[in-house]
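A.B. asks: My questions concern the predicted model and sequence given below.
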Amino acid sequence: GGAAFRGVQVPTAESFEDTRDRVLPCWEGEILPLAKAGKTVLVVSSKNTLRALIHGITGMPMTHAVDLDVPNGVPIVFYPETRSLSLLGSDKALGSVSAEVADGQRSFQAAAAAAAAAVPVVEAASTPGKAAHVPEA
């Protein structure tokens, strides 16, 4: 109820550190074990949350991760064996713990631009409960 929160200062934003501290335990405790077990896990979230995950997964320094341009609507695939990421349909890793961070970021941005250009436009379904139509490429 609202009465319990009267006078309580509620933050209007979440820092990168707060986001990281909130999502990495979920990554380690929930998502990673499923990925390691061979399960497919879909994570859909805001850019800041995805940046925090990329930071935690690849070891990319926070100073680089906060400015990482995460593409809209372009799936990023995680490979638990190598703790690396790539854009769906690309064989080039976006970065790994041992990767050169600056090269990883440039690769990520270039691959994101190419993948975004190749993603088909999805028409919204006009009737609730019906699947959206994805045009043939």
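C.D. replies: It's in. Numbers count the residues shown, from 1 in each chain.
A.B. asks: Can you give me the neighbour number for Met60?
C.D. replies: 24 (other CB atoms under 10 Å). Where C-beta positions appear, they are placed from N, C-alpha and C, glycine not excepted.
A.B. asks: got it, and the one 10 residues further on?
C.D. replies: Residues contacting Val70 under the criterion other CB under 10 Å number 19.
A.B. asks: ok, so what distance separates it from Ala3?
C.D. replies: 39 Å (CB to CB, to the nearest Å).
A.B. asks: Then Glu30?
C.D. replies: In terms of CB to CB, Glu30 sits 33 Å off from Ala3.
A.B. asks: pLDDT below threshold where in the chain?
C.D. replies: Across the chain, the ranges flagged by pLDDT under 70 are 1-2, 91-137.
A.B. asks: can you give me the helices in it?
C.D. replies: 16-26, 32-36, 47-58, 62-65, 101-118 (DSSP state H).
A.B. asks: And the second one, what's buried?
C.D. replies: Using 16 or more other CB atoms under 10 Å as the test for burial, helix 32-36 gives 32, 35.
A.B. asks: Return the alpha-carbon coordinates of it using PDB.
C.D. replies: Presented in PDB, the C-alpha positions along helix 32-36 are these (Å, rounded to 0.1, in the frame of the first residue of the first chain):
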ATOM      1  CA  LEU A  32      24.100 -19.400 -16.500                       C
ATOM      2  CA  PRO A  33      23.300 -22.800 -15.000                       C
ATOM      3  CA  LEU A  34      20.600 -23.300 -17.600                       C
ATOM      4  CA  ALA A  35      22.900 -22.200 -20.400                       C
ATOM      5  CA  LYS A  36      25.600 -24.600 -19.200                       C
END
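A.B. asks: Identify all contacting residues around it.
C.D. replies: Contacts to helix 32-36, defined as CB atoms under 8 Å, 6 or more residues apart in numbering, come from residues 41, 78, 80.
A.B. asks: wait, the first one sits on Ile31?
C.D. replies: Think Val41. Yes: counting by CB atoms under 8 Å, Ile31 is a contact partner of Val41 at 5.3 Å.
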